[in-house]
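Participant: Here you go, sequence then predicted model.
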Amino acid sequence: MLIRQVQHGSDDYRRILDMRYAILREPLGLDWSDEDLRAEAEQWHFGLFGDEDTLVACVVAKPLDPQAVKLRQMAVAEPFRAKGNGRALLQGVEAILRQKGIRRIQMDARKIAVGFYERLGYAIEGTEFTQVTIPHLRMVKTL
């Protein structure tokens, strides 16, 4: 498995966008707005790739300031779930972010995924809220 940052607009970016749509947006009846897609150009896109360049998992990091990012839209393809791939992606991306000088990560985690993030050192900050029609919690981690 290989983690790499992909260029916005590239073929790999399109594959990541398709995965995020199929796993995270389509089941909620959500589509991309032009504004959503324009904002993606300023964000960092990461993929975990397996044999034959198969896209296994992905996540987006939105810079908030020179030392902080907000992670968004983490997804793992169905055949690769519950096998440590989400953990591998997140730990690898954290290492890349450290090299970029990032010291704080935050995210709005779906409530059903909170346990996963807690096991990786993220802590809940604040109270539950609804985003894209489902319960979320803000989570943070200092690198």
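Facilitator: Cool, the structure landed.

Participant: Return the list of strands paired to the lengthiest strand in the chain, each annotated with direction.
Facilitator: Across the chain, the longest stretch assigned as strand under DSSP state E is strand 55-65. According to DSSP bridges, strand 55-65 has the following sheet partners: strand 44-49 (antiparallel), strand 68-76 (antiparallel).

Participant: Among those strands, which comes closest to residue 21?
Facilitator: Closest approach to residue 21 among these is made by strand 68-76 (9.3 Å; Cβ to Cβ). Heads up, the C-betas are built off the backbone N, CA and C, glycines and all.

Participant: Could you figure out how far the following helix or strand past that closest one is turned away from strand 44-49?
Facilitator: Later in the chain than strand 68-76, the nearest helix or strand by DSSP states H and E is helix 85-99. Computed by axes from the mean of the first three to the mean of the last three Cα atoms, to 10 degrees, the angle separating helix 85-99 from strand 44-49 equals 140 degrees.

Participant: now for the host helix or strand of residue 109, which elements pack on it?
Facilitator: Take DSSP H and E as the rule and residue 109 turns out to sit in strand 104-110. Strand 104-110 is packed against strand 68-76, strand 134-142, with contacts defined by 3 or more Cβ pairs under 8 Å, 6 or more residues apart in numbering; DSSP states H and E.
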